[in-house]
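Participant: I would like the atomic coordinates for the input below:
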Amino acid sequence: MLSLSDAMISKIVDDPAYRSKPTEESGLSASMVCVIRPGPNQGYTMGFKHVFYLKASLTAVVALIGIA
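Facilitator: Numbers count the residues shown, from 1 in each chain. Next comes the predicted model:
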């Protein structure tokens, strides 16, 4: 899809601010950055949203069991 080198992937994962650097410095085009950093309801953020709902529901179940 993006054909990034292992070194470039490592830089992006280790330093999320690397994506925000100017194109000349990072070597990433604007379209690459859009793929790596999707909108607020996609990818990385969406995963944490599901984890939050799972944790909240499990907490509610434990609370109900504790009351009973």
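
Participant: and residue 43, what's its pLDDT?
Facilitator: With respect to pLDDT, residue 43 has a value of 60.

Participant: now residue 64
Facilitator: Confidence score, pLDDT, at residue 64: 95.

Participant: that one: what's it in contact with?
Facilitator: Neighbour list for residue 64: empty [criterion: C-beta atoms under 8 Å, 6 or more residues apart in numbering]. In this view, the C-beta of every residue, glycine as well, is placed from N, C-alpha and C.

Participant: tell me which element it is part of?
Facilitator: Residue 64 is part of helix 43-67 when elements are defined by DSSP states H and E.

Participant: three-state assignment of residue 28?
Facilitator: coil (DSSP: H, G, I helix; E, B strand; the rest coil).

Participant: from residue 13, how far off is it?
Facilitator: 13 Å (C-beta to C-beta, to the nearest Å).

Participant: neighbour count winner among these two?
Facilitator: residue 28 (23 against 9; other C-beta atoms under 10 Å).

Participant: right, and the more buried one touches residue 37 too?
Facilitator: No - if you go by C-beta atoms under 8 Å, residue 28 and residue 37 don't touch, sitting 10.0 Å apart.

Participant: much appreciated, bye for now.
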